[in-house]
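>>> next comes the sequence, and after it the predicted model I'd like to discuss.
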Amino acid sequence: MKKILILAIALFTLGTVTALADNDRPIAVTQLPQKAQQFIKQHFPNEKVAYAKNEREFLESRYEVVFSSNIKIEFLRNGDWKEVDCKRSTVPAAIVPAQIAEYAKQNYPDAQIVCIDRDRRDYEVKLTNGLSLTFDLKFNLIEIDD
């Protein structure tokens with residue numbers, strides 16, 4: 001009987017955590033952290049916001065902004081950008097670290113950067129030629145994926 005009770009409590013807890021883990025809610029752009037609002041004004045001043053949302057996962061909160069042109073930006077809780085995905089257009093040059101931009105320009109002169117994603121360990125950029133380049137935090141190339 002004790003095992004059944006423990007199992008029931010574990011299943012109930014798992015169900016509750018799972019339900020809370022995917023708690024997305026739409027927000028106004030003015031509800032984004034100030035740093036994220038400034039980033040949008042600086043790098044995407046002419047873009048029209050289609051929607052913004054707060055994505056709350058179990059231990060993490062992020063923001064996502066999608067423009068009507070289908071450009072998507074993810075921000076961390078503090079307003080730092082995590083990912084800029086421009087789909088069919090190029091990522092603004094001011095967002096891409098100079099060392100990464102220079103590497104892409106020298107080695108893939110006909111390709112443009114359409115997506116950049118950064119985290120605690122690395123930067124990943126996607127090029128118009130279909131390649132994904134991964135750089136460590138010191139901007140050394142560590143992986144090429146096609």
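Right, received. Where do you want to start?
>>> ok, Tyr108 - contacts?
Leu127, Asn129, Leu131 (Cβ atoms under 8 Å, 6 or more residues apart in numbering). For the C-beta atoms, the positions are set from N, CA and C on the backbone; glycine is no exception.
>>> quick check on it: phi, psi?
phi -140, psi 70 (degrees, to the nearest 10).
>>> roughly how far does it sit from Thr90?
With distances taken as Cβ to Cβ, to the nearest Å, Tyr108 is found 13 Å from Thr90.
>>> just Gln34 next, same as before
Applying Cβ to Cβ to Gln34 and Thr90 gives a distance of 26 Å.
>>> could you give the bridge partners of the residue minimising distance to the centre of the chain?
Nearest residue to the geometric centre of the chain (Cα atoms, centre = their mean): Glu83, 2.9 Å. Applying DSSP bridges to Glu83 gives these bridge partners: Glu74, Asp117.
>>> give me the contacts around whatever helix or strand Ala36 lives in.
Assigned by DSSP states H and E, Ala36 belongs to helix 34-43. For helix 34-43, the external contacting residues (Cβ under 8 Å, 6+ apart) are 29-30, 32, 47, 49, 63, 65, 73, 75, 78-81, 92, 94-95.
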